[in-house]
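J.: Could you look at this predicted model? Sequence included:
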Amino acid sequence: MTNNNSISSNRDPLLLNDDNSENKRVSLRAILDVKNYEAIKDLRYLKPYLKGKWPWIWTSLIFFIISSVLALYIPKSIGNIIDFGLSPNKKGDNFIFYFGIFSIVYVLKIITSVIQKYSFIWAGERALLELRRDLVNIILHMPCKFFDINSSGKIISRTVNDVSNLSQLFSPNFFSNVGDLILVMGALIAIFLISPMIGIPLFLLMVILVVFLLQLVGHLGRKQRRFRSIISQIATFSTDSINGLDVILSHNYLNLWSRNYSKLVKLYYTSAKKIILLWGKFPIGHTIIIGLSYATTIGIGYYGVKKDMLTIGEFVAVVTYITMLFQPFYELSQRVSELQASMSSMSKIKEILKFKKMDLGLKSGSKLELDKESLKRADIHFKNVRFTYGICGSGSGSGIGEDIFKNLNLTIPANRVTAIIGRTGSGKTTLANLICDLYPLSAGEILFADTSLVQIKRENLYANIGMVTQQLFLFEDTLRENLRLYDHKISDQQIYNILKEVNLSEKIAELKDGLDTNISYRNEFFSVGEKQLVVVARMLLRNPSILIFDEATASLDNNTEYLLQQYLSKLFLNRTTIIIAHRLSTIKLADHIVVLERGEVIEEGDPKELITANGPYAKYMSYLTPVTSTVTPATSTIMQKDY
């Protein structure tokens, strides 16, 4: 027990749950105990989204009740037509009257049903629209750590698949489930009012059917959760297959990949077959119960009519009520999987909605806004900064991340070009991420001049910092929107001017649709280097006060890099610029050097002075000169140890 608690306590609160309940068997007692359904309790999270929609919901409920009462009266109306309109003793004198009542009731039933469904669907779709907006807004404001420890497929599933499943609660089927229960109770009461001697055996048969259905649902729940888990695995596997097809083919992994996919498909087939075979039992039992019901009703009805205890119209009404009594159970059995999926999705959506009330280290409330000039003049100070990516596991092992920075003290001077160098894993990219406030600090603070980072309004900070990372991402939209990011204040002329400066104007001129060219996921228009230039151009269009380049020219050829650097060197004037690079040509742009090693600053200062000091920076630069072409692997290893 202690071990389990320890594991649970080490679980990151930002990590979304998986559906690990496949092996839990749902007993009949658990099904009957509503308190055991945590998902039903989770429905309270929908309350804020129903605000302002209750008039529509109450309207739907009122017309639903009216529609159900009218539906229950229809069999009685048919019986009246037979007894008082078609009876030989009545000579059909009242046929038109009773047929007219039947027609009016039937038309009113249709009208009230349409109003009920429209009102409920309208309220439900509006609530789901607000829920989707809220979920996306919450996710967009989550810290980057949330996206580090949760797969994109899991996050998308919450906002798309689970919300779609939840829509079943606001579909006509939801009221149909409730309506079916009302019809069952109403039909049973009507049968008892007409003939108790028929009602008693029918009630016993209904109890048998209910117990049978509940037992079936209990067994089915575990299998359906397993089935949905397999579907999720297949979806993830298929996405990986499409996105990573070039890797699969280049590594000759196609046959093994296909075999793994075949195993998943076989699991899908086996799981689906078990569900089908299990569900197949209910129609058989349902048909047997209905057959016994009709046989019982006909036998007792014949006796009642012969003894003048029942009229023919009452007998026909009872037979009609049998359909109302038993047919809903079959329809409910068909919708039970949808209802289970909705409840399961609600518990998953709740995980994200809970983040609204959690302290995630995000800034909120009244914050400061700094203008561009203030940020340009501001030195960036790291004071006693400790940072770790934190708990990143799901509970297996400790899951505790190591400190990237233990006690970092560093000043990045304003209006200068600072190069951050160091081996892989020394904390270069992490340092840039912290300046952009992408992750909360574990301890210490970052200051822009005398203003703490946590006091600066996040939108204001992002508007004044431009960062080009190693991840070159283009959206599936036009080239124009990829460059200006839907900021319509940026004109086409401004875009063309920047494209010319980054040496992309000729490439764009070759495109048939120019800036209106649609960029696809596979990006068949640009090479990796050209794509990197597009990302740089996108950042430069914003004209930020602080520039951060994280290996921003790694994919460029020497000539293109030289032309870009000629433009950037002019752009760097009167701006705070941070460069993370391993190329000699890029590092030479800097007039301030910071050398990191395992999260610690081991050297910093003017590059010429550092070369003279013959320390780690000088050794690093010596291995970046053309002489390094003769360096042997053994020498390279010594360099790494010395450095």
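T.: Received it, and whenever you're ready, just let me know what you need.
J.: what helix or strand is residue 577 on?
T.: strand 576-580 (DSSP states H and E).
J.: in terms of contact count, name the helices or strands touching the first helix or strand past that strand going along the chain.
T.: Sequence-wise, the next helix or strand downstream of strand 576-580 (DSSP H and E) is helix 584-587. On a contact count with 3 or more C-beta pairs under 8 Å, 6 or more residues apart in numbering; DSSP states H and E, helix 584-587 meets strand 417-421, helix 558-571. All C-beta atoms are positioned from the backbone trio N, CA, C, and that covers glycine.
J.: May I see the buried residues of the longest one?
T.: By neighbour count, with 16 or more other C-beta atoms under 10 Å as the criterion, the buried positions of helix 558-571 are 560, 561, 564, 565, 567, 568.
J.: Which residue is the nearest non-sequential neighbour of the first one?
T.: In this structure, residue 560 finds its nearest non-sequential neighbour in residue 503, 5.9 Å apart by C-beta to C-beta, 6 or more residues apart in numbering.
J.: Need phi/psi at the one you found.
T.: Backbone torsions for residue 503, taken as degrees, to the nearest 10, come to phi 70, psi 40.
J.: Let the chain start at 37 from now.
T.: All set: I'll call the first residue 37, so the last point we hit is now residue 539.
J.: Quick check: which of the helices and strands packed on helix 620-623 is nearest to residue 343?
T.: Residue 343 lies closest to strand 453-457 among the helices and strands packed on helix 620-623, at 100.0 Å (C-beta to C-beta).
J.: quick one: strands adjacent to that closest one?
T.: Paired neighbours of strand 453-457 in the sheet (DSSP bridges): strand 612-616 (parallel), strand 628-633 (parallel).
J.: Can you name every helix or strand that the following helix or strand past it contacts?
T.: Later in the chain than strand 453-457, the nearest helix or strand by DSSP H and E is helix 464-471. Judged by 3+ C-beta pairs under 8 Å, 6+ apart, helix 464-471 is in contact with strand 416-424, strand 439-448, strand 453-457, strand 582-586, strand 612-616.
J.: how about these in TSV, adding mean pLDDT?
T.: Converted to TSV, the helices and strands packed on helix 464-471 look like this (pLDDT from 0 to 100):
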stretch	mean pLDDT
strand 416-424	91
strand 439-448	89
strand 453-457	90
strand 582-586	88
strand 612-616	89
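J.: what about residue 535, neighbour count?
T.: 23 (other C-beta atoms under 10 Å).
J.: That one and residue 410: what is the separation?
T.: According to C-beta to C-beta, to the nearest Å, residue 535 stands 30 Å off from residue 410.
J.: Return the most buried member of the strands paired with strand 453-457.
T.: strand 612-616 (a mean of 25; mean count of other C-beta atoms under 10 Å).
J.: Kindly calculate the angle that it makes with strand 582-586.
T.: If you take axes from the mean of the first three to the mean of the last three C-alpha atoms, to 10 degrees, strand 612-616 sits at 10 degrees to strand 582-586.
J.: and the direction of strand 612-616 versus that of strand 416-424, what angle?
T.: Using the same axes, to 10 degrees: strand 612-616 against strand 416-424 is 40 degrees.
J.: Low-confidence ranges, the stretch 37-186 of the chain, go.
T.: Under the criterion pLDDT under 70, the flagged ranges of the stretch 37-186 of the chain are 37-48, 54-76, 121-129.
J.: will you turn the helices and strands packed on helix 620-623 into JSON lines that also has distance to residue 508?
T.: Putting the helices and strands packed on helix 620-623 into JSON lines (distance: least, C-beta to C-beta, whole Å) gives the following:
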{"stretch": "strand 453-457", "distance to residue 508": "20"}
{"stretch": "helix 594-607", "distance to residue 508": "15"}
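J.: quick one: which of those has the weakest pLDDT on average?
T.: Mean pLDDT is lowest for helix 594-607 among the helices and strands packed on helix 620-623, at a mean of 76.
J.: Counting by contacts, list what the helix or strand harbouring residue 374 packs against.
T.: Taking DSSP H and E as the definition, one finds residue 374 inside helix 348-389. Here helix 348-389 touches helix 74-78, helix 90-116, helix 131-176, helix 198-202, helix 208-230, helix 232-279, helix 290-342, going by 3+ C-beta pairs under 8 Å, 6+ apart.
J.: Now tell me what touches the helix or strand just after it from outside.
T.: With elements assigned by DSSP H and E, the helix or strand that comes after helix 348-389 is helix 408-412. Helix 408-412 is contacted from outside by 450, 451, 484, 485, 500, 581, 582, 610, 611, 612, using C-beta atoms under 8 Å, 6 or more residues apart in numbering.
J.: Excluding residues flanking it in the chain, which one is nearest residue 556?
T.: residue 512 is the one closest to residue 556 (C-beta to C-beta, 6+ apart), at 6.2 Å.
J.: my guess is that neighbour is in a strand, correct?
T.: No - counting by DSSP: H, G, I helix; E, B strand; the rest coil, residue 512 is not found in a strand; it is coil.
J.: Show me where the stretch 437-586 of the chain dips below the pLDDT cut-off.
T.: 437, 557-560.
J.: how about the helices in it?
T.: Under the criterion DSSP state H, counting those that start in this stretch, the stretch 437-586 of the chain contains helices at 464-471, 494-500, 515-520, 528-537, 541-546, 564-576.
J.: In JSON lines: the buried residues of helix 594-607, plus distance to residue 195.
T.: As requested, these are arranged in JSON lines below (distance: C-beta to C-beta, whole Å):
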{"residue": "596", "distance to residue 195": "39"}
{"residue": "597", "distance to residue 195": "40"}
{"residue": "600", "distance to residue 195": "38"}
{"residue": "601", "distance to residue 195": "41"}
{"residue": "603", "distance to residue 195": "40"}
{"residue": "604", "distance to residue 195": "38"}
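J.: ok now stretch 377-389, how far from the chain's centre?
T.: Centroid separation for stretch 377-389 versus its chain: 11 Å, with C-alpha atoms, centre = their mean, to the nearest Å.
J.: Between the two ends of stretch 183-196, what distance do you get?
T.: One end of stretch 183-196 to the other measures 17 Å (C-alpha to C-alpha, to the nearest Å).
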